[in-house]
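Q: Turn this into a structure:
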Amino acid sequence: MPSDYKIVLWRLEQDANGYPPASVEGLWAKRTASGYQVDSTPFYAYGIAPGDLISTTQDGEQIWFQALQQSGGASVLRIRVKHATEVEPVRAALEEFGCPCHAEPAVRMLAVEVPPSRTLDTLLYYLLTQCEAGILDFEEGVLRHTIPEEFR
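A: Presented below is the predicted three-dimensional model:
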């Protein structure tokens, strides 16, 4: 990564079951004149998406997320597939919808960016049908898109 990119750390709150499996998540972010712009899709941090402008604090060499300054308009979904053989087909389908994905095959999880230029209608239909078929479960890391009327 170029020198204007740094890892920014997010503190994570673990539930009684120890989820998420870490207490900190690091995301790549690009230094800007007014802070950092997030350039990674979070697997565990809530309320943040690629393209967001954030403020940070520094503790020695570590850079910590402080606050969201401005939304970039993207949403983030997290998908957990039930079987390892489904990770790649689900990832490929999401990429076809124009949603960049990052996979963690070891835990059968996908972090999905829904760019601001995309709508949720076809994507949500796909996810709900796959959920009903028992292939996956999903949650919103941050939802900035309008949910289509037929899904409310």
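Q: buried ones in the host helix or strand of F65?
A: Applying DSSP states H and E as the criterion places F65 in strand 62-70. Within strand 62-70, the residues that count as buried by 16 or more other CB atoms under 10 Å are 63, 65, 68. (C-beta placed from N, C-alpha, C; glycine too.)
Q: From Q69, how far off is the closest residue to E150 other than its chain neighbours?
A: Spatial nearest neighbour of E150, chain neighbours left out: D121 (7.7 Å); criterion: CB to CB, 6 or more residues apart in numbering. Shown here: D121 relative to Q69, a distance of 30 Å by CB to CB, to the nearest Å.
Q: Contacts for the strand holding F65, please.
A: When contacts are taken as CB atoms under 8 Å, 6 or more residues apart in numbering, the neighbours of strand 62-70 outside the stretch itself are 6-11, 29, 34-36, 45, 47-48, 52-58.
Q: at 6 Å what do you get?
A: By CB atoms under 6 Å, 6 or more residues apart in numbering, the surrounding residues in contact with strand 62-70 are 6, 8-10, 35, 52-57.
Q: so what strands line up beside that strand?
A: Partner strands and pairing direction for strand 62-70 (DSSP bridges) are strand 5-11 (parallel), strand 53-59 (antiparallel).
Q: Highest mean neighbour count out of those?
A: Compared across these, strand 5-11 shows the largest average neighbour count, a mean of 17 (mean count of other CB atoms under 10 Å).
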